[in-house]
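Participant: 3D model of this:
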Amino acid sequence: MAEQRPVARGSMSRVAMAYVRERILGKEYVAGDVLRPDEIGAALGISQTPAREALQSLRTEGFLTNEPGVGFVVSPLTGDDLRDIFIAHSLIAGEIAARAAERISRDEIAELEAIQFELLAAEKRRLPDEVEARNHDFHRFISRLGGSPKRLIAFEG
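Facilitator: Residues are numbered from 1 along each chain as shown. Modelled structure (predicted):
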């Protein structure tokens, strides 16, 4: 049995940030919803402290507001907000993909093709969780090849 390493609180905060951000962008949490650190912590099996840090960070990013006596409230996302997010992501992803293309080996190409084949097969079988998992594998692989270790954090989970 592999020994489990303790996870640093900062890592838990990043996990909580990704969890909440995905739910906001996926419209599970909508404008006006109140998010509480204890509820986010319980959902993730972490303490309130990293959950609160995550919510505070998302407030500084504009995803949440902090209303006195209420707590953290989901901010409305406009079409411009979503467009900006996807434009920024596409610019970064394009740069990383270009670097990966310069470094990739034949074996790595075969591995990337296998991931893409699995993704398409999952899509054909209408398995959305599997599609999402393979999509993350694909992007994690490209980020690793592109030498972008900080971007890899977005695909850890």
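Participant: quick one, helices of this protein?
Facilitator: Along the chain, counting by DSSP state H, helices occupy 9-25, 37-44, 48-60, 79-103, 106-124, 128-145, 149-152.
Participant: and A31, which of the ones you listed is closest to it?
Facilitator: helix 9-25 (9.1 Å; C-beta to C-beta). C-beta here means a position set from N, CA and C on the backbone, and glycine is covered the same way.
Participant: Tabulate the CA atom coordinates of the closest one in CSV.
Facilitator: Taking C-alpha atoms only, helix 9-25 is exported to CSV below (Å, rounded to 0.1, in the frame of the first residue of the first chain):
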residue,chain,number,x,y,z
ARG,A,9,-3.3,23.7,3.0
GLY,A,10,-2.4,25.9,0.0
SER,A,11,-3.0,22.9,-2.2
MET,A,12,-6.4,22.3,-0.6
SER,A,13,-7.2,25.9,-1.2
ARG,A,14,-6.4,25.5,-4.9
VAL,A,15,-8.6,22.4,-5.0
ALA,A,16,-11.4,24.3,-3.4
MET,A,17,-11.0,27.2,-5.8
ALA,A,18,-11.1,24.9,-8.8
TYR,A,19,-14.2,23.1,-7.4
VAL,A,20,-16.1,26.4,-6.9
ARG,A,21,-14.9,28.0,-10.1
GLU,A,22,-16.0,24.9,-12.1
ARG,A,23,-19.5,25.0,-10.5
ILE,A,24,-19.8,28.7,-11.2
LEU,A,25,-18.8,28.4,-14.9
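Participant: contacts for it?
Facilitator: Contacts with helix 9-25, where a contact means C-beta atoms under 8 Å, 6 or more residues apart in numbering, come from 29, 35, 40-41, 43-44, 46-47, 49-51, 53-55, 57-58, 63, 74, 77, 82, 85, 153-154, 157.
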